[in-house]
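Asks: dropping the sequence and predicted coords here.
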Amino acid sequence: MEYRTPGNGLCAVVVTFNRFAQITRTVERLLAGPLDRLIVVDNGSTDGSREWLAAQPDARLDVLEMAENLGGAGGFEAGLRHAVATCDPDWIVVMDDDARPEPGALTAFLETDKSGWDAVAAAVYYPDGRVCGMNRPVLNPFWHPSIFLRTMAGGGRAAFHLTDADYVKDAPTPVDGGSFVGLFLSRRAIGLAGFPDGRLFVYAEDGLYSMAISRAGGRIGFFPGIRFEHDCSTIGAKGQFTPVWKTYFYHRNLLLLYKQAAGLWFWPALAVVLPKWLLRGMAQGENRRTFLRLLGWAVRDGLTGRVGWRLDDLLAEMRRRGV
């Protein structure tokens, strides 16, 4: 069946690693929609995902079998580079393996007037219908004085993320950044920002990349009528990271994001967030020592811009140091 709409060639890029139950649902959902190409980056799965993907007969499915786990960042970089090199679509939509468009979402995207927008962020919900907090698009408070003042006045994270009220609007809302779940990238967006930094492994590569689009003059719009679902779980009870090694990548990459977003305001911002992170570490129970050691490494590497460690490197260092 030919799905291409003239002028609206659409490719999807999905990154997966050992989530058989999730990737099978996502692939089936995507291939049921108006998609020209689906690129799945398999980061070395050993749970049967790779074999299942290889057995799918749909010619639109293109599987990149990576020799090692590159993380989400490395997978998205590889997938986007492959998409541009092999099919050069008008638009590429990216998502995790546990995220997928709701039925009709891709059709809604293709039929929506996207004139003047270089990237489109979808509205992402948990399966139970709640707005997915980690996928709320953002407005950089350091670029918007009113949002900066609201944040400093105690608004916290909610002050610079879109609110539930934005999810029921009819018109798009301009934003500065979005997540790699339901983010549609035009050719111009990729021309402006290049590709995500695969060295980041996991966390914040989407914020860094999408804000690079905005900083280069691209326009990102939040389109509430395009809906995705995200069946995710990262931070457990009392803010504990599961598994604990995620502590390192999360905080290191957030520092890199804050440096990009804040500019000259980075050091005052660090003075605010670092005590909060230390308090979070004190609440980790039996994982407190490990959390604080990983946090220390994350701060060191985030401040110096060191991004070379992948998961195997981190785990090896943890074993060597007895962490």
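Replies: Sure, I can see it. What you are looking at is a predicted structure, and each value in this text was computed from that prediction instead of being measured.
Asks: just the strands in the stretch 51-200 of the chain please.
Replies: Per DSSP state E, counting those that start in this stretch, the stretch 51-200 of the chain carries strands over the ranges 61-65, 91-96, 99-101, 119-125, 173-175, 183-186.
Asks: out of those, nearest to Leu139?
Replies: Nearest of those to Leu139, taken as C-beta to C-beta: strand 173-175 at 6.0 Å. C-betas here are computed from N, CA, C, even on glycine.
Asks: indicate which one of the strands of the stretch 51-200 of the chain is closest to Leu294.
Replies: For Leu294, the closest of the strands of the stretch 51-200 of the chain is strand 91-96, at 22.6 Å, according to C-beta to C-beta.
Asks: give the rounded mean pLDDT of the closest one.
Replies: On average, the pLDDT along strand 91-96 is 98.
Asks: same deal with stretch 199-216?
Replies: Confidence over stretch 199-216 (mean pLDDT, whole number) is 96.
Asks: burial measure for Ala316, as a count.
Replies: 11 (other C-beta atoms under 10 Å).
Asks: what about Ala78, distance to Asp301?
Replies: 23 Å (C-beta to C-beta, to the nearest Å).
Asks: meant to ask about Cys11
Replies: Taking C-beta to C-beta, one finds Cys11 at 33 Å from Asp301.
Asks: grab the nearest non-local neighbour of Ala32.
Replies: Pro103 (7.7 Å; C-beta to C-beta, 6 or more residues apart in numbering).
Asks: now do the one you found, the pLDDT please.
Replies: For Pro103, the pLDDT comes out at 97.
Asks: try Met152
Replies: Looking at Met152, its pLDDT is 59.
Asks: please apply the same query to Ile147.
Replies: Looking at Ile147, its pLDDT is 68.
Asks: swap in Leu110?
Replies: 97.
Asks: what's the answer for Gly322, then?
Replies: Gly322 is assigned 92 on the pLDDT scale.
Asks: can you give me phi and psi for it?
Replies: Torsion angles at Gly322 (phi, psi; degrees, to the nearest 10) stand at phi 70, psi 30.
Asks: please apply the same query to Phe222.
Replies: Dihedral angles (degrees, to the nearest 10) for Phe222: phi -90, psi 120.
Asks: how about the contacts made by it?
Replies: Going by C-beta atoms under 8 Å, 6 or more residues apart in numbering, Phe222 touches Val120, Ala121, Ala123, Pro137, Leu162, Asp166, Pro172, Thr173, Pro174, Val175, Gly178.
Asks: list only those of the residues you listed flagged as buried.
Replies: Among these, those classed as buried by 16 or more other C-beta atoms under 10 Å are Val120, Ala121, Ala123, Pro137, Leu162, Asp166, Pro172, Thr173, Val175, Gly178.
Asks: turn the residues you listed into JSON lines, columns for pLDDT and distance to Gly218.
Replies: Below are these laid out as JSON lines (pLDDT from 0 to 100; distance: C-beta to C-beta, whole Å):
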{"residue": "Val120", "pLDDT": "98", "distance to Gly218": "11"}
{"residue": "Ala121", "pLDDT": "98", "distance to Gly218": "12"}
{"residue": "Ala123", "pLDDT": "98", "distance to Gly218": "20"}
{"residue": "Pro137", "pLDDT": "96", "distance to Gly218": "14"}
{"residue": "Leu162", "pLDDT": "93", "distance to Gly218": "18"}
{"residue": "Asp166", "pLDDT": "95", "distance to Gly218": "20"}
{"residue": "Pro172", "pLDDT": "97", "distance to Gly218": "14"}
{"residue": "Thr173", "pLDDT": "97", "distance to Gly218": "15"}
{"residue": "Val175", "pLDDT": "97", "distance to Gly218": "11"}
{"residue": "Gly178", "pLDDT": "97", "distance to Gly218": "12"}
